[in-house]
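> Structure of the sequence below:
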Amino acid sequence: MDTRISAVQRLAEQLDLPAEIVGLGYRTIREALKAHRNKYHPNLSPEAYLRMAFADGYAVSLIAAASFRLLGREADAELVEAVHEAAHPSTPHTAPSAGCAPEDADHPQVRAAVAILAAAGLPPIDSPRGSGFQVVPADAELPGWVFIAPDRAAPRRTGFAGGTGGYESVLRLAGWLTRADAGTNLLGACPPERVRAALAARDEDEQHPA
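A predicted model of the protein is given here:
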């Protein structure tokens, strides 16, 4: 089985793009990464370099951006790059002034979700009766999770972040685990580091049962 091809197909489905285009994007970035390794990391093996490049989604964001550019979708390419930067900030996220209730502005996962969605060009709610998305933290039973109430104008937006599914597309691209609730129209989301921590704790429990 060619796992590389299946990975391209999965990314194509996530981006809602033809697999052939994502394949071209992959080959373009593969050559660029090869040149980057030869110039800046010559002591790393190709396998070690690729592990590093794919570790935080950097290489995936490059492939996604290249794929959108092949189709002339520059705005979506820039969106992908902005989402990656927001998902991996060089400094901690600051408390948002919009997109959540004031009492939730210091919640770390709320901060991160607002920053990622805003980086994608999605408008955060700025008043109790205004339009825009709103992020709220989950209760203690779902630590690390947040819920997003979408902007009622979302169906009119186009592009990768457009439509009511745009919120989920953006957060999934940033590596978040998402669960949509059709009954409440809320989107549940959990950042990758919390997912990894939960999986590690589960594995630890399985290896050392009480």
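
> Quick one: low-confidence residue ranges for this protein.
Applying pLDDT under 70 to the chain flags the ranges 1-5, 203-210.

> repeat that with 90
Scanning the chain for pLDDT under 90 picks out the ranges 1-7, 46-47, 49-58, 126-131, 140-141, 143, 152-153, 164, 181-185, 194-210.

> Please identify the buried residues of the longest helix belonging to the chain?
Taking DSSP state H as the criterion, the chain has its longest helix at helix 19-40. Under the neighbour-count criterion of 16 or more other Cβ atoms under 10 Å, helix 19-40 has Ala19, Ile21, Val22, Gly23, Leu24, Gly25, Tyr26, Thr28, Ile29, Leu33, Arg37 buried. Any C-beta I mention is one placed from the backbone N, CA and C, and that applies to glycine too.

> Touching whichever helix or strand comes after that helix from outside, list them.
Counting by DSSP states H and E, the element after helix 19-40 in chain order, helix or strand, is helix 46-55. Contact with helix 46-55 is made by Leu33, Lys34, Arg37, His41, Leu44, Ala59, Val60, as judged by Cβ atoms under 8 Å, 6 or more residues apart in numbering.

> and helix 46-55 with helix 19-40, angle?
120 degrees (axes from the mean of the first three to the mean of the last three Cα atoms, to 10 degrees).

> ok now helix 46-55, how far from the chain's centre?
Distance of helix 46-55 from its chain centroid, counting by Cα atoms, centre = their mean, to the nearest Å, is 19 Å.

> where do the helices sit along the chain?
3-15, 19-40, 46-55, 58-70, 74-87, 108-119, 166-173, 192-207.

> Take the shortest one, keep the C-alpha atoms, and write them as CSV.
The C-alpha coordinates for helix 166-173 follow below in CSV (Å, rounded to 0.1, in the frame of the first residue of the first chain):
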residue,chain,number,x,y,z
GLY,A,166,-15.7,26.6,7.6
TYR,A,167,-15.1,26.7,11.3
GLU,A,168,-14.5,23.0,11.4
SER,A,169,-12.3,23.1,8.3
VAL,A,170,-10.1,25.8,9.8
LEU,A,171,-9.6,24.1,13.2
ARG,A,172,-9.0,20.7,11.7
LEU,A,173,-6.3,22.2,9.5
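
> Would you mark the buried spots in that helix?
Counting neighbours by 16+ other Cβ under 10 Å, helix 166-173 gives Gly166, Tyr167, Glu168, Ser169, Val170, Leu171, Leu173 as buried.

> All set, thanks.
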